[in-house]
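Participant: model this:
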Amino acid sequence: MLSLMRASLMTPLNTTAFGLYVRMWHHAGLPAVDGLGGDVGANYEAINASRIDEFEAIARRKLAQPSCVLKLVTCEGHHLGELVDCRLATARAA
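Facilitator: Got it, this is the predicted structure:
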């Protein structure tokens, strides 16, 4: 997402690149952006899903850093002091 965000600051993203950006935004669980509507990702997927898949594969291959591995993550059910429904929360936190 950060790579696409930086690219968008230099030049407009084409339909496929923006579709990938929206896909990544959704998969990251980030909040909806005012003005885009909740179904914006579905619209881009409907018109260009196979090319978005190709762009995603290229991005994953080019940006992969095998040394960066997510270690065991635990959550106590609070993010920034707020109670949240987190899929990583331990059973005792629920």
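Participant: CA only for contacts and neighbour counts going forward, please
Facilitator: Fine.
Participant: How far does the lengthiest helix in the chain sit from its chain's centre?
Facilitator: Using DSSP state H, we find that the single longest helix of the chain is helix 40-63. The chain centroid and the centroid of helix 40-63 are separated by 12 Å under Cα atoms, centre = their mean, to the nearest Å.
Participant: try stretch 59-70
Facilitator: With Cα atoms, centre = their mean, you get 15 Å for stretch 59-70.
Participant: what is the mean pLDDT for that stretch?
Facilitator: Mean pLDDT, stretch 59-70: 85.
Participant: Using the three-state scheme, assign the residue nearest the centre of the chain.
Facilitator: In the chain, the C-alpha nearest the mean C-alpha coordinate belongs to Met24, at 2.7 Å (Cα atoms, centre = their mean). With DSSP: H, G, I helix; E, B strand; the rest coil as the basis, Met24 sits in helix.
Participant: what about it, distance to Gly81?
Facilitator: Between Met24 and Gly81 the computed distance is 26 Å (Cα to Cα, to the nearest Å).
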